[in-house]
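K.L.:
got a predicted model here, sequence first, then my questions.
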Amino acid sequence: MLTLERQDFDLSGFVDQLADDAVVFEKNITIEKSIEADVFWQCDTVLAKQLVHNLYTNAVKYNVPRGRIRFELKRAQKWLEFSIVNTSGPVSSELATHAFDRFYRGDASHNRLVDGLGLGLSICLEIARAHQGTLTFETDAQNTVRVVLRAPMAF
């Protein structure tokens, strides 16, 4: 079980800055954002930053040339919903089922082309759960991946 050091975290400001930085660093990916202002999350800021960075890093790693990443953040009553949507190569139906499994790396082509141990999404899921939240992984027929964090703003 993770021990949390809770404090108010300006998630809007953090995600907005990350999206602005991504525009500078990711020249072959179009960056979009829809970020509601003043979404503050009572959370462990170190873990929250790790979660957001892991999701962003995956969106970059598994993107396609001239692809897209969209950052979305909104408030829904006492909950927040943060998502990263990215274009991707073909996504197997197995990936959606096993995306949060430890050491799961998707298909063999991902294993060869992308460095990593397959721990990022499982760590993100544990961070979400420690904050009484959920993390979902969705794909569609257009090879778009959407990872969504839904968590109470305070708990």
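P.N.:
That came through, no problem.

K.L.:
which residues does residue 87 form a beta bridge with?
P.N.:
residue 144 (DSSP bridges).

K.L.:
check what pLDDT it gets.
P.N.:
Per-residue confidence (pLDDT) for residue 87: 96.

K.L.:
likewise for residue 140?
P.N.:
pLDDT at residue 140 comes out at 85.

K.L.:
what is the neighbour count of it?
P.N.:
Neighbourhood size, residue 140 [other C-beta atoms under 10 Å]: 10. Every C-beta, even on glycine, is put in place using the N, C-alpha and C of the backbone.

K.L.:
which ones are touching it?
P.N.:
Contact partners of residue 140, counting by C-beta atoms under 8 Å, 6 or more residues apart in numbering, are residue 146.

K.L.:
quick one: low-confidence ranges for the chain?
P.N.:
1, 92-119 (pLDDT under 70).

K.L.:
in this structure, where's the longest helix?
P.N.:
helix 45-61 (DSSP state H).

K.L.:
center of the protein - which residue?
P.N.:
Geometric centre of the chain, nearest residue: residue 55, 2.9 Å, by C-alpha atoms, centre = their mean.

K.L.:
wait, that one touches residue 84, no?
P.N.:
Yes - with contact defined as C-beta atoms under 8 Å, residue 55 reaches residue 84; the gap is 4.7 Å.

K.L.:
give the residues shared as contacts by these two.
P.N.:
Joint contacts of residue 55 and residue 84 (C-beta under 8 Å, 6+ apart) are residue 147.

K.L.:
show the contacting residues for the nearest residue to residue 65 once chain neighbours are set aside.
P.N.:
Distances taken as C-beta to C-beta, 6 or more residues apart in numbering place residue 28 nearest to residue 65, at 5.6 Å, with adjacent residues excluded. Going by C-beta under 8 Å, 6+ apart, residue 28 touches 65, 66, 67.

K.L.:
residue 78 and residue 152 touch, don't they?
P.N.:
Yes - Residue 78 lies in contact with residue 152 (C-beta under 8 Å); the separation is 5.9 Å.

K.L.:
show me what residue 149 is bridged to.
P.N.:
With DSSP bridges as the rule, residue 149 is bridged to residue 82, residue 135.
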